[in-house]
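**Student:** Sequence first, predicted coordinates after that:
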Amino acid sequence: MIDTLPFVAVLISAILHASWNALARAGSEPGDIVAAAVIGAGIISLPGLAWFGPPAAAAWPWLLGGMVINTFGIRFAMAAYRHASFGLTYPIMRAGIPLMTLPLGIVLLGEWPRPTGFAGVVMIASALIMLAFAAHRAGRTELRGVLFALVSAVAGAGYTTADAIGVRLGGTVMGYAFALAIGNAILIGLLTQWERGDLMPMLRRHGAKGLGLSLISMSSFLLYIWAVSITPVALAAALRETSVLFAIAFAHFFLREAIGRFHIAAGALAFAGIIAIRIG
């Protein structure tokens, strides 16, 4: 069971996460826009880190480890997108995170969810798998893409659990979140410059939009990281992944993308999972 305030915080976080991703997808170069948003989030986090101070030393191994794992996850996600459709690989990655976070939370944090909460995690993950199946039925699949997506999901569960441990050891939720955002911005900036050599031109093209999106993404992350500091990580992660359902709704109503019966059924199943987590 999740208390009311963190429950609401994670759901708002999911809506904000879906919002900025949908806005990024609406652009002509969504990958570059996402990178600009990550870098922008690091820039706007500098005053916050100066104000709240860095997390305690005990949190830094988890923070740095989570950053490295996250970087690998991003690389495998990009590989998955190259070999299979976004509609197939993205739900697989997001479904895998709460399912794999659940045993990690039990082993590393001793967080045993109640049966209802466990069922809620499974229902939300199953809803996301249904979305992947809908993409598969449309004929857009390749085994390599699915495998890369699964590896990315393992990485996602790893950095999600690392953040849950790190923020609890850090002594300052805000300081941890801002330090993490700055670290991610540095890594993404270095990777972009190393791979393409056009970091500054990319930021000039997308910096303004990226900065706007970074305000939304940081608001989403701050709400989530606060909630996970006091909430079982598997339950919070499952609720956060409902952002996929919100993103589909935004894509349908604002981007005019079609949805089918699998999308509707997945939404109903995810809604049941949300209720189960709340009352579990």
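**Tutor:** All right, it came through fine.
**Student:** what helix or strand is the nearest residue to Ile44 once chain neighbours are set aside on?
**Tutor:** Nearest residue to Ile44, sequence neighbours excluded (C-beta to C-beta, 6 or more residues apart in numbering): Ser214, at 6.0 Å. C-beta here means a position set from N, CA and C on the backbone, and glycine is covered the same way. Per DSSP states H and E: Ser214 is located in helix 199-228.
**Student:** helices and strands around that helix, which ones?
**Tutor:** The helices and strands touching helix 199-228, judged by 3 or more C-beta pairs under 8 Å, 6 or more residues apart in numbering; DSSP states H and E, are helix 4-25, helix 30-52, helix 143-170, helix 173-196, helix 233-240.
**Student:** Deepest-packed of those helices, please.
**Tutor:** helix 233-240 (a mean of 30; mean count of other C-beta atoms under 10 Å).
**Student:** Give me the contacts around it.
**Tutor:** For helix 233-240, the surrounding residues in contact (C-beta atoms under 8 Å, 6 or more residues apart in numbering) are 2, 6-7, 10-11, 13-14, 17, 97-98, 101-102, 104-105, 109, 111, 113, 117, 120-121, 124-125, 157, 160-161, 164, 224, 227-228, 273-274, 277, 280.
**Student:** swap the cut-off to 7 Å and go again
**Tutor:** Residues from elsewhere that reach helix 233-240 (C-beta atoms under 7 Å, 6 or more residues apart in numbering): 2, 10-11, 13-14, 97-98, 101-102, 105, 109, 111, 113, 117, 120-121, 124-125, 160-161, 164, 224, 227-228, 273-274, 277.
**Student:** Could you dump the helices and strands packed on helix 199-228 into TSV with distance to Met78 and mean pLDDT added?
**Tutor:** Formatted as TSV, the helices and strands packed on helix 199-228 follow (distance: least, C-beta to C-beta, whole Å; pLDDT from 0 to 100):
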stretch	distance to Met78	mean pLDDT
helix 4-25	14	84
helix 30-52	8	89
helix 143-170	9	89
helix 173-196	10	90
helix 233-240	21	88
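**Student:** out of the ones you listed, which comes closest to Ser219?
**Tutor:** helix 4-25 (5.5 Å; C-beta to C-beta).
**Student:** Pull the distance from that closest one to the chain's centre.
**Tutor:** Per C-alpha atoms, centre = their mean, to the nearest Å, the displacement of helix 4-25 from the mean C-alpha position of its chain is 10 Å.
**Student:** Alpha carbons only: can I get it in PDB?
**Tutor:** Presented in PDB, the C-alpha positions along helix 4-25 are these (Å, rounded to 0.1, in the frame of the first residue of the first chain):
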ATOM      1  CA  THR A   4      -2.100   9.100  -0.300                       C
ATOM      2  CA  LEU A   5       0.600  11.900  -0.800                       C
ATOM      3  CA  PRO A   6       3.300   9.700  -2.400                       C
ATOM      4  CA  PHE A   7       0.600   7.900  -4.400                       C
ATOM      5  CA  VAL A   8      -0.700  11.200  -5.800                       C
ATOM      6  CA  ALA A   9       2.900  12.400  -6.300                       C
ATOM      7  CA  VAL A  10       3.900   9.400  -8.400                       C
ATOM      8  CA  LEU A  11       0.700   9.600 -10.600                       C
ATOM      9  CA  ILE A  12       1.400  13.300 -11.200                       C
ATOM     10  CA  SER A  13       5.000  12.400 -12.000                       C
ATOM     11  CA  ALA A  14       3.800   9.800 -14.500                       C
ATOM     12  CA  ILE A  15       1.500  12.400 -16.200                       C
ATOM     13  CA  LEU A  16       4.400  14.900 -16.400                       C
ATOM     14  CA  HIS A  17       6.800  12.300 -17.700                       C
ATOM     15  CA  ALA A  18       4.300  11.300 -20.400                       C
ATOM     16  CA  SER A  19       3.700  15.000 -21.200                       C
ATOM     17  CA  TRP A  20       7.400  15.900 -21.900                       C
ATOM     18  CA  ASN A  21       8.000  12.700 -23.800                       C
ATOM     19  CA  ALA A  22       4.900  13.300 -26.000                       C
ATOM     20  CA  LEU A  23       6.100  16.900 -26.700                       C
ATOM     21  CA  ALA A  24       9.600  15.500 -27.600                       C
ATOM     22  CA  ARG A  25       8.100  13.000 -29.900                       C
END
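**Student:** tilt between that helix and helix 30-52?
**Tutor:** 140 degrees (axes from the mean of the first three to the mean of the last three C-alpha atoms, to 10 degrees).
**Student:** Great, nothing more from me.
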